[in-house]
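Student: Sharing a sequence plus its predicted fold:
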Amino acid sequence: MGAAVNEISQYSINPITGSLTPKSPATVTTGNGDAIAVTPTGTSVYVAGTDGVAQYSVNPITGDLTPNSPATVQAGRGPTAVAVTPDGKSAYVANSGPGKSDTTKPTAGQRASNGGRGGTVSQYSINPTTGDLTSKSPATVAMKGGPHDLAIAPDGKNAYVVSVLDNTVSQYRINPRTGTLGAKPVTTAGTGRHPENIVMAPDGKSFYVDSENDGTVSQYRINRATGKIAANVTADRCDDKWLNRHGDHTRMRTLSSELSAHGQTPQTHRSPSTAGSAMAWVPTPAHADDFGDVSAERLA
């Protein structure tokens, strides 16, 4: 996906080698996209960018993308991230602030509650047949500090939102009936300076936030019963689990959340570079069935 050229590149994946081959057509048009998400069924794709949220259907045979009708739905100001719930019923877009898409400006009350450092998260229902997005009620939730990225827990009960101006990450409950976010965060924790991205562990026990200005990855454990954000875990030396930072293709190892049970001191892990723009969870194949099972002794 290239924001500068307003297009999405699409590829076929070789099932044996994993190598990529451009599809035909090799690209489809989008609206200056910044982030992309796919539904759990693989039938729909959403791209958040300065023109709103572009929505596509995925051909079940070829994997090619076709724009839906309408091709784009409005978002808030400055969309930077999009996420879909595990059940495929809801989608959310982080709007960090001023941008071309100026159709859902925060109200005066929202701006006041945000301390003048506005931002919102747009929330949508997903049509189970067409994949089209429809704004929920309310269409946006006001958040302070410039929401920049978000992740959904594997059980679909909570969303975690990174705020780039406040250097925080916050937990928001997801209504199990409507899919709407709570108006206020349940818990909030500090991050490194200028947090950019968040990635959730597949088991839902941990998540990680990378910070652009100080080159760190902050690590957090999640209370399995409440979804609340707990203390960071020490990562003086790391093992087994990898985060792939795409900007400079540097892989950063991170510890599992189980270390937190041993009273480790909250701390961040320094990244070799600050150039990255995204993170993804990449399990080590030999330990793919062993997430979150690292003992404290392995730090020794």
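Tutor: Everything's here; your move.
Student: what's the weakest-modelled helix or strand in the chain?
Tutor: Confidence across the helices and strands of the chain bottoms out at strand 250-254, with a mean of 32, counting by mean pLDDT, DSSP states H and E.
Student: okay, the closest residue to residue 6 other than its chain neighbours: pLDDT?
Tutor: Taking CB to CB, 6 or more residues apart in numbering, and ignoring the residues beside it in sequence, residue 6 has residue 32 as its nearest neighbour in space, at 5.3 Å. C-betas here are computed from N, CA, C, even on glycine. In the prediction, the pLDDT value recorded for residue 32 is 75.
Student: thinking residue 151 is in contact with residue 200, fair?
Tutor: Yes. With contacts counted by CB atoms under 8 Å, residue 151 reaches residue 200, the gap being 4.3 Å.
Student: and residue 162, what are its bridge partners?
Tutor: residue 149, residue 169 (DSSP bridges).
Student: who touches it in this structure?
Tutor: 94, 147-150, 168-169, 191, 195-198, 209 (CB atoms under 8 Å, 6 or more residues apart in numbering).
Student: in what helix or strand does the closest residue in space to residue 147 that isn't next to it in sequence lie?
Tutor: The spatial neighbour of residue 147 that comes closest, neighbours along the chain excluded (CB to CB, 6+ apart), is residue 94 at 4.0 Å. Taking DSSP states H and E as the criterion, residue 94 maps to strand 90-95.
Student: ok, residues contacting that strand?
Tutor: Around strand 90-95, the neighbours that count as contacts under CB under 8 Å, 6+ apart are 37, 46, 48, 53, 75-85, 101, 104, 119-126, 133, 136, 140, 147-150, 152, 159, 161-162, 174, 179, 181.
Student: any shared contact partners between residue 151 and residue 200?
Tutor: What both residue 151 and residue 200 touch, as defined by CB under 8 Å, 6+ apart, is the set 160, 207.
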